[in-house]
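Novice: what's the 3D shape of this:
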Amino acid sequence: MEDKINLATKLATFSEYFSPRTVAQLNNLDVMVVKAKGEFVWHKHDETDDFFLVLKGSITIQMRDGNVTLGPGEVFVVPKGVEHCPVAEEEAHILLIEPTNTPNTGNPETAATRRVV
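Specialist: Residues are numbered from 1 along each chain as shown. Take a look at the predicted model:
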């Protein structure tokens, strides 16, 4: 049996923003942590919803139809095909769950390289 996963410890291993790190996998899904600060790119995922759980700080998920602001312990799922842009005024820590190999920008050519921590 593998050791339990401490998300704060995993988040402490990197400093880059909007560069998700996979901490676990289940059922062809990646469980990832990411640090966010500033504005990410507008993008969408045509094949999958986008799950956000804020662990620390706050983020606003901008969408063309309105914004959703999340604080610690809050979850939001962006439906597949909906264009969105996460924004964090101060550093925020987020847990993401999405199908393995989903490009974080919605485009494989501009996506961050998937890393496992």
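Novice: Quick check: phi and psi on the spatially most central residue of the chain?
Specialist: The centre of the chain sits closest to residue 96, judged by C-alpha atoms, centre = their mean, with a distance of 4.1 Å. Backbone torsions of residue 96, given as degrees, to the nearest 10, read phi -120, psi 150.
Novice: show me what contacts it?
Specialist: 20, 30, 31, 32, 33, 34, 50, 51, 52, 53 (C-beta atoms under 8 Å, 6 or more residues apart in numbering). (C-beta placed from N, C-alpha, C; glycine too.)
Novice: and residue 4, how many neighbours?
Specialist: Residue 4: 5 surrounding residues under other C-beta atoms under 10 Å.
Novice: which other residues reach the helix or strand where residue 62 lies?
Specialist: Secondary structure assignment for residue 62, by DSSP states H and E: strand 59-63. Residues outside strand 59-63 that contact it (C-beta under 8 Å, 6+ apart): 36, 42, 52, 67-70, 76, 78, 82-88, 92, 94.
Novice: again, only using 10 Å
Specialist: By C-beta atoms under 10 Å, 6 or more residues apart in numbering, the residues outside strand 59-63 that reach it are 36-37, 39-40, 42, 44, 50, 52, 67-71, 74, 76, 78-79, 82-90, 92-94.
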